[in-house]
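>>> Fold the following for me, if possible:
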Amino acid sequence: MRTLLLTALLLSTAPRALAQSAPYLNPALPVEDRVEDLLGRMTLPEKVGQLTQIDVLRLMGQDEWDRGPLNPTWMEKILADQHVGSLLSSGGAAPVPNTPETWVQVTNDLQRYAIEHSRLKIPILYGIDAVHGHNSVLNATMFPHNLGLGATFDPELTRRIGEVTARALRATGITWNFAPDADMGRDPRWGRFYETWGEDPLLAGEMVAASVRGQQGDALGPNSVATTLKHFTGYGAPIGGKDRADARISNAELREIHLPSFQAGLTAGAATVMVNSGSVNGVPAHASAPLLTQILRKELGFGGVTISDWEDIKRLQTVHKYVPTYREAVHQAINAGVDVSMVPHDAEGFTGAVLDLVQAGEISEARVNEAAGHVLALKFRLGLFEKPYADPAGATPAVKAGQDLALRAARESITLLATNGRTLPLGGSAKNVLVVGERARDPRSQLGGWTIGWQGLPASEDTRAVTVLDGMKQVVPRGSRLSYSSAVPSKPSADVIVVTVGEPPHAEGEADNPKLALPEGDLALLRDAVATGKPVVAVLLAARPLILPEEVRSRLAALVMAYLPGSEGGRAVADVLYGNTNPSGRLPFTWPKTLAQVPGSYDAPSAAGAPLYPFGHGLSYTTFAYSGLTFADGRITVKVSNTGKVPGAHTVLAFARATGATTPPKLAAFARTVLQPGETRTVTLTVPAGRFPAGAEVQVGNQRVTGGS
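Predicted coordinates for the structure are as follows:
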């Protein structure tokens, strides 16, 4: 008995003694010193564990797709035996019940187990794809997807969304967000087009940097999350718009189009980078040392964590057929520059391969130390050694916060593409409005993919959202009548028909749309509506530009692009339709007239003719005029006047090119302003240093000037 008591006493005092003697546990020391000390104490298997990320579903229930309670057997195998350094919740990998409190309980339980079963008390990182809010939690605030935010041209709004998202994540024990997306949207057929900010590198870079600053703050700490720039690089230009297809891009295109958004995010301090799941010029990005080491590490100066995407190291063998064995896939990826493998199920298979490769001298222990050191440094910077657990009391308020911000974002994003000038805004003679289409009352289309489930809100789930029909009921004026029908009546009595159409929610390859087509049922609704002879307003809930038949589009009274506007999107749409909000969104991409024009962007136009709507297109209920354009010392100034009868927000887009150049001018700067009727303001825009020569030709609307003149 005395021996047992002595053993228990020694065990209970071990952590205290460790804390007193181990420099890595001293938060006052520089992170670099703490990492060096901790690495010196770790065994090789413990270091390799830091390179390993496993889906939490592997630790739930009886198998990797069972959302049951945490399984002690699998917790032991993954966290204790394999020393796994990070977990993730993939799309749909939520605890049951899916509440903020349960998320805290599960993440805290996993963290506690990991620390208690780690010889050196090393905490885990927990990652998730929170791409439009804490979108895996039921009833969380869901913001518009990035493509809609791109239409706002409002980086400060994006920064604030990042702050709200980070607070929600950290409140539920999540420390690593696989966002923001830094890919370029160069082909709208691609299923991940809506995850991008659009086709322009400057716009994308500004928004990416703002998101990073919002989520990480001035410096990583206990109240921020680590951001992830994804997917490095060239992922947004797959051949044929097919997800994970090869990207055939020149070195000039790589550096002028695809790298700037990553550079902007790195300059803002992004902590991690996720690798492109596809290939660039025939070489899978996960096996490309030129991309991951030469460009990312040496040229761009990145010193943080690189992580694979889902199972992508294994896919070097199984999908790309680039290597003959899994062992060789691990060999290629780790040596190319991948630090962490999102395995995501077979921890022992990955760790065993790395250990074998180190023992064979094919991966150096120095490379393992480098990768593990990146992971440990991130844990220190996040304050996980000092504050590993989340407080359950703050979870629900944080997850549900930001509804007003989400509504503002959706309002700013909505883009009026076409109008006859009479039907919108609703009101006046339109006393009887008929809303048509299931998408008007089903939130799934407006929430899009990555909402509760990977492919969007499952049919078996329900989450808080204001649908288009809900929103219109909230704002319909007194004395007006609003009715709904899933189909178009043969003889509608309405003054105006509002038809809500769009795409079903999907993600990644399942969201590829090779013909940019509306689903047949949605197109039939539009045909039936215009056939009535009534004024028809079409609202698109869409992840990309869609090509509508000319005989349908030309008969619409108005066409409104709402993108994927999130949980408050229905109210935002209603506010725009009824004139409570003056639409101010501008297209962050080129809208093709025909499929022959795809791919095609404003800076690399298609040879198949002019697009239907150019980059930056967006109408308003008022009118704006420019005058007095100047450009000197990297500053553009222009007077903007509201020449209409209602207040309006307006984004000034300044384009520039070298004097005498024949290439299309590129976006040089942008700024958003709000003007009352008759008001004129001078707007000043700063051009990033080195983007254009001092004597560049600048264009804002119909105004042109040469620098210095």
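
>>> domain parsing for the protein?
For the chain, the structural domains run 1-30, 42-399, 405-595, 624-706, going by automatic domain parsing.

>>> a markdown table please, covering the ones you listed and showing mean neighbour count.
All C-beta atoms are positioned from the backbone trio N, CA, C, and that covers glycine. A markdown table is the format used below for the domains of the chain (neighbours: other C-beta atoms under 10 Å):
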| stretch | mean neighbour count |
| --- | --- |
| domain 1-30 | 11 |
| domain 42-399 | 22 |
| domain 405-595 | 21 |
| domain 624-706 | 17 |
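
>>> Mind checking those for the one nearest to Ser601?
Ranking the domains of the chain by their distance to Ser601 (criterion: C-beta to C-beta) puts domain 42-399 first, at 4.4 Å.

>>> Need the distance between the two termini of the closest one.
End-to-end span of domain 42-399 (C-alpha to C-alpha, to the nearest Å): 37 Å.

>>> Also stretch 170-187?
Chord length of stretch 170-187, first to last residue, is 34 Å (C-alpha to C-alpha).

>>> Let's test this: mean pLDDT of that stretch, rounded?
When pLDDT is averaged over stretch 170-187, the result is 99.

>>> before we move on, the earlier item: what would the domains of the chain look like in a markdown table with distance to His617?
Formatted as a markdown table, the domains of the chain follow (distance: least, C-beta to C-beta, whole Å):
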| stretch | distance to His617 |
| --- | --- |
| domain 1-30 | 51 |
| domain 42-399 | 10 |
| domain 405-595 | 5 |
| domain 624-706 | 10 |
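
>>> Nearest to Asp603, out of those domains?
domain 624-706 (5.3 Å).

>>> Out of the domains of the chain, which gets the lowest mean score?
Minimum mean pLDDT among the domains of the chain: domain 1-30, a mean of 61.

>>> follow-up on the earlier one: quick one: which of the domains of the chain is nearest Ser606?
Across the domains of the chain, closest to Ser606 is domain 405-595 (C-beta to C-beta), at 7.2 Å.

>>> got the end-to-end distance for that closest one?
This stretch, domain 405-595, spans 36 Å end to end (C-alpha to C-alpha).

>>> Find out how far that domain is from the centre of the chain, if you would.
Relative to its chain's centre, domain 405-595 lies at 22 Å (C-alpha atoms, centre = their mean, to the nearest Å).

>>> Could you verify that Arg672 is part of a helix?
No: counting by DSSP: H, G, I helix; E, B strand; the rest coil, one finds Arg672 to be strand, located in no helix.

>>> That one contacts Asp154, doesn't it?
Yes: using C-beta atoms under 8 Å as the test, Arg672 is close enough to Asp154 to be in contact (5.6 Å).

>>> Could you work out which of the domains of the chain reaches nearest to Ala610?
Ala610 lies closest to domain 405-595 among those, at 7.3 Å (C-beta to C-beta).

>>> Next one: the residue lying closest to Pro545 once chain neighbours are set aside from Thr415, what distance?
Spatial nearest neighbour of Pro545, excluding adjacent residues (C-beta to C-beta, 6 or more residues apart in numbering): Trp591 at 4.2 Å. Distance, Trp591 to Thr415, by C-beta to C-beta, to the nearest Å: 10 Å.

>>> likewise Pro693?
33 Å.

>>> Could you do Pro477 as well?
Noted for Pro477: a distance of 24 Å to Thr415, by C-beta to C-beta.

>>> do the same with His83
The gap separating His83 from Thr415 is 50 Å, by C-beta to C-beta.

>>> swap in Ala360?
57 Å.

>>> Tyr563 now?
On the measure of C-beta to C-beta, Tyr563 and Thr415 end up 8 Å apart.

>>> residue ranges of the helices in the stretch 351-500 of the chain, please?
Counting by DSSP state H, counting those that start in this stretch, the segments of the stretch 351-500 of the chain that form helices are 365-381, 395-400, 403-413, 444-447, 468-475.

>>> now these as JSON lines including distance to Thr52?
As requested, the helices of the stretch 351-500 of the chain are arranged in JSON lines below (distance: least, C-beta to C-beta, whole Å):
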{"stretch": "helix 365-381", "distance to Thr52": "10"}
{"stretch": "helix 395-400", "distance to Thr52": "28"}
{"stretch": "helix 403-413", "distance to Thr52": "35"}
{"stretch": "helix 444-447", "distance to Thr52": "32"}
{"stretch": "helix 468-475", "distance to Thr52": "44"}
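
>>> Do a quick rundown of the helices in the stretch 501-650 of the chain.
Going by DSSP H, counting those that start in this stretch, the stretch 501-650 of the chain shows helices at 520-531, 550-553, 569-577.

>>> Which of those helices sits closest to Gly221?
For Gly221, the closest of those is helix 569-577, at 32.7 Å, according to C-beta to C-beta.

>>> now for the closest one, which elements pack on it?
Secondary-structure packing of helix 569-577 (3 or more C-beta pairs under 8 Å, 6 or more residues apart in numbering; DSSP states H and E): helix 403-413, helix 468-475, strand 536-541, strand 558-561.

>>> switch to 10 Å and redo it
Applying 3 or more C-beta pairs under 10 Å, 6 or more residues apart in numbering; DSSP states H and E, we find helix 569-577 packed against helix 403-413, strand 415-419, strand 432-436, helix 444-447, helix 468-475, strand 496-502, strand 536-541, strand 558-561.

>>> thinking again about what came up before, and the helices of the stretch 501-650 of the chain: which comes nearest Val468?
Nearest to Val468 among those is helix 569-577; the distance by C-beta to C-beta comes to 4.4 Å.

>>> the inter-axis angle of the closest one versus strand 536-541?
Counting by axes from the mean of the first three to the mean of the last three C-alpha atoms, to 10 degrees, helix 569-577 points 140 degrees away from the direction of strand 536-541.
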